[in-house]
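K.L.:
Sequence and predicted model, in that order:
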Amino acid sequence: MDKTDSTSSGNSGGKGRGKGEAKWDAGRIPDLAGRTAVVTGANSGIGRVAAVELARAGAHVVFAVRDLERGRAAAAGVRGSTEVRRLDLADLASVREFAAGWEGPLDLLINNAGVMLLPERRTRDGFEMQFGTNHLGHFALTNLLLPHITDRVVTVSSGAHRMGDGYIHFENLNLDGIYAPQRAYSQSKLANLLFTLELQRRLTESGSPVRSLAAHPGWAATNLQSHTANPVSRVLMAVGNKVVAQDDKGGALPTLFAATQDLPGASYVGPGGVFEMRGAPTLVGRSAAASDVEAAKRLWTASEEITGARFSVGAVA
């Protein structure tokens, strides 16, 4: 998706609507014929909606999912060109296998899959599950696929990056002895934004035209909340899903906007409504911690050491 093809025909740069201008929706995605996209976690929720809409616009969409059977069920009946490939972000061997099997250009990588507010548990490689899945898995995947990526990487974060402790526990990334589901989730979502920031800095420094962007869905009613550790939280979220949340189609719009519109690198897209809970996609702000350039560099270095996946300047197109 080059910069010309991905320019919005309406909302310029996501900075709001002009008088009388319609809200941006998936019907305004440009023609994506001939483009290829990978969407992680495309078997359900906003990931599936994003995959469906990209395929509808003409892209060939790869559903990158942990459960092939569920992935095939999600892709069945989708109008457009799709395929399903296995990817378990909580297993670095699976991430490496997925990347090693990739051939040819990849226009768009959407780092969408995630887990939320889980009881304390570990990935196959021994990392705290939320940080390991939401950040480390996507960090490794992006770097391993980067030689193939031609346009952009969109990483899904959350307004929850402002919650928790508000910083990365560099000396205790697994939160040993201090684990709390919200603390771990917030740290992983803050890591997503710091990753987006540092990836863009490195791309710019290397002279690459590839862009790194982030998005968050606001409060979207999906099955993600049903896996929370606390039964009281599950009840409250179920109520919130009915009263406050937008549906998964609305929740996917910021991701689709970031994936297809002509936005600067390191942009962050979210809903434009009250408290960014719902509404048409627009550029939104982030916490000071999520804008910390030095923390972003430190996180990158730590993530490289943990995963063994490194940014390859010479390989980037």
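P.N.:
Cool, got the structure. Residues are numbered from 1 along each chain as shown.

K.L.:
Now do the contacts for residue 185.
P.N.:
Contact partners of residue 185, counting by C-beta atoms under 8 Å, 6 or more residues apart in numbering, are 116-117, 130, 134, 158, 160, 164. C-beta here means a position set from N, CA and C on the backbone, and glycine is covered the same way.

K.L.:
Can I get stretch 172-187 in CSV, CA atoms only?
P.N.:
The C-alpha coordinates for stretch 172-187 follow below in CSV (Å, rounded to 0.1, in the frame of the first residue of the first chain):
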residue,chain,number,x,y,z
ASN,A,172,11.2,-7.7,36.5
LEU,A,173,9.4,-8.1,33.2
ASN,A,174,7.7,-11.3,34.3
LEU,A,175,6.3,-9.4,37.4
ASP,A,176,7.5,-12.2,39.7
GLY,A,177,6.1,-11.7,43.1
ILE,A,178,4.0,-8.6,42.1
TYR,A,179,1.8,-10.1,39.5
ALA,A,180,-1.7,-8.7,39.0
PRO,A,181,-3.8,-9.2,35.9
GLN,A,182,-4.3,-5.5,35.3
ARG,A,183,-0.7,-4.6,36.0
ALA,A,184,0.5,-7.2,33.4
TYR,A,185,-2.1,-6.2,30.8
SER,A,186,-1.3,-2.5,31.1
GLN,A,187,2.5,-3.2,30.9
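
K.L.:
residues of it that come out buried?
P.N.:
173-175, 181-187 (16 or more other C-beta atoms under 10 Å).

K.L.:
Just the ones of these in strands?
P.N.:
If you go by DSSP state E, the buried residues of stretch 172-187 have nothing in strands.

K.L.:
any idea which of those is closest to residue 285?
P.N.:
residue 186 (16.6 Å; C-beta to C-beta).

K.L.:
Provide the secondary structure category for the spatially closest residue to the closest one that is not a sequence neighbour.
P.N.:
Nearest non-adjacent residue to residue 186, counting by C-beta to C-beta, 6 or more residues apart in numbering: residue 164, 2.7 Å away. Following DSSP: H, G, I helix; E, B strand; the rest coil, the label given to residue 164 is coil.

K.L.:
In the stretch 151-300 of the chain, what residue spans correspond to strands?
P.N.:
For the stretch 151-300 of the chain, the strands defined by DSSP state E, counting those that start in this stretch occupy 211-215, 268-271, 281-283.

K.L.:
Which strands border the last one, and is each parallel or antiparallel?
P.N.:
The pairing partners recorded for strand 281-283 under DSSP bridges are strand 268-271 (antiparallel).

K.L.:
cool, and the first one?
P.N.:
The strands beside strand 211-215 in its sheet (DSSP bridges) come out as strand 149-156 (parallel), strand 268-271 (parallel).

K.L.:
Distance to residue 24 added to the ones you listed, as TSV?
P.N.:
Shown next, in TSV, are these (distance: least, C-beta to C-beta, whole Å):
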stretch	distance to residue 24
strand 149-156	16
strand 268-271	10
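
K.L.:
all helices for the chain, in order.
P.N.:
With DSSP state H, the ranges of helices along the chain come out as 45-56, 68-75, 92-100, 129-131, 138-145, 181-206, 231-243, 248-260, 293-307.

K.L.:
Please produce JSON lines containing those helices, extended by distance to residue 275 and mean pLDDT.
P.N.:
Listed next are the helices of the chain as JSON lines, based on distance: least, C-beta to C-beta, whole Å; pLDDT from 0 to 100:
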{"stretch": "helix 45-56", "distance to residue 275": "18", "mean pLDDT": "98"}
{"stretch": "helix 68-75", "distance to residue 275": "30", "mean pLDDT": "98"}
{"stretch": "helix 92-100", "distance to residue 275": "34", "mean pLDDT": "98"}
{"stretch": "helix 129-131", "distance to residue 275": "23", "mean pLDDT": "98"}
{"stretch": "helix 138-145", "distance to residue 275": "26", "mean pLDDT": "98"}
{"stretch": "helix 181-206", "distance to residue 275": "16", "mean pLDDT": "98"}
{"stretch": "helix 231-243", "distance to residue 275": "12", "mean pLDDT": "48"}
{"stretch": "helix 248-260", "distance to residue 275": "14", "mean pLDDT": "97"}
{"stretch": "helix 293-307", "distance to residue 275": "25", "mean pLDDT": "98"}
